[in-house]
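Visitor: Give me the fold of what follows.
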Amino acid sequence: MRHLTVPRTLCYLLHGDDVLLIRRGRHKRIFPGKINGIGGHVEADEDVAASAAREILEETGLAVDDLRLAGVVHVEGGLGQSEALPDGALPGVMLFVFTGLAPSRQVRASDEGELIWVPLAQVKELDWAAGGAELLQAGLEARRSGRPFSLYRGASG
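Guide: The predicted model follows:
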């Protein structure tokens with residue numbers, strides 16, 4: 001069977017020994033109140049790197065030049081999707097994970113949620129969106145090693 005996916009980005013921004021994360025707003029449909037990286041949908045007229053930079057700028061006010069693709073996660077259809085295709089199938093998500101160096105710690109608020117700088121040593125203690133902590137660790141390792149990761153998340157997680 002072939003896959004139908006929606007492209008999205010997820011970005012982890014570093015500044016010193018801290019990472020910029022977002023506590024998603026309680027009003028958000030997906031992962032309300034949970035901690036996650038910065039990101040969102042890829043628009044029809046942009047590539048994934050441009051999408052990552054745009055989402056970061058929109059959600060944080062930061063213009064980040066040093067973005068690196070850390071990995072790709074294929075999430076099986078139905079996980080996190082609400083709009084079915086005409087045949088009733090739910091598309092999956094192709095998640096492009098980036099890491100970047102924030103030019104400063106000065107961020108501006110958005111309606112997406114609360115932006116928080118967290119010491120890397122404390123990230124495991126957070127109330128993460130599904131898979132977020134593992135993707136951060138995989139992203140950091142990819143940045144260190146220069147080798148992007150590739151993951152598949154089926155319906156069972």
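
Visitor: Confirm that residue 54 sits in a helix.
Guide: Yes: using DSSP: H, G, I helix; E, B strand; the rest coil, the assignment for residue 54 is a helix.

Visitor: Would you confirm that it contacts residue 46?
Guide: Yes: counting by CB atoms under 8 Å, residue 54 touches residue 46, with 6.9 Å between them. Placement of C-beta: from N, CA and C, glycine included.

Visitor: Read off the pLDDT value for the residue most central in space within the chain.
Guide: In the chain, the centroid-proximal residue (CA atoms, centre = their mean) is residue 10; its distance is 1.8 Å. With respect to pLDDT, residue 10 scores 97.

Visitor: ok, it - contacts?
Guide: 36, 37, 38, 39, 95, 96, 97, 98, 135 (CB atoms under 8 Å, 6 or more residues apart in numbering).

Visitor: Mind telling me the two of those farthest from one another?
Guide: Pairwise distances across the contacts of residue 10 peak at 14.5 Å for 36 and 96 (criterion: CB to CB).

Visitor: what about those two, which has more around it?
Guide: residue 36 (26 against 23; other CB atoms under 10 Å).

Visitor: Quick check: which ranges of this protein have low pLDDT?
Guide: 1, 78-88, 155-157 (pLDDT under 70).

Visitor: is the residue nearest to the centre of the chain in a bridge, and if so with what?
Guide: Beta-bridge pairing of residue 10 under DSSP bridges involves residue 39, residue 97.

Visitor: next one: residue 22
Guide: Beta-bridge pairing of residue 22 under DSSP bridges involves residue 36, residue 115.

Visitor: ok, it - contacts?
Guide: By CB under 8 Å, 6+ apart, the contact set of residue 22 is 35, 36, 37, 38, 59, 112, 113, 114, 115, 116.

Visitor: which one of those has the most neighbours?
Guide: Most neighbours among the contacts of residue 22, by other CB under 10 Å: residue 38, with 28 neighbours.

Visitor: Please identify the buried residues of stretch 118-129?
Guide: For stretch 118-129, a neighbour-count test (16 or more other CB atoms under 10 Å) marks 118, 123, 126, 128, 129 as buried.

Visitor: where along the chain do the helices fall?
Guide: Secondary structure of the chain (DSSP state H): helices at 48-60, 132-145.

Visitor: what packs against the last one?
Guide: Packed against helix 132-145 by the contact rule (3 or more CB pairs under 8 Å, 6 or more residues apart in numbering; DSSP states H and E) you find strand 5-15, strand 67-75, strand 92-101, strand 149-153.
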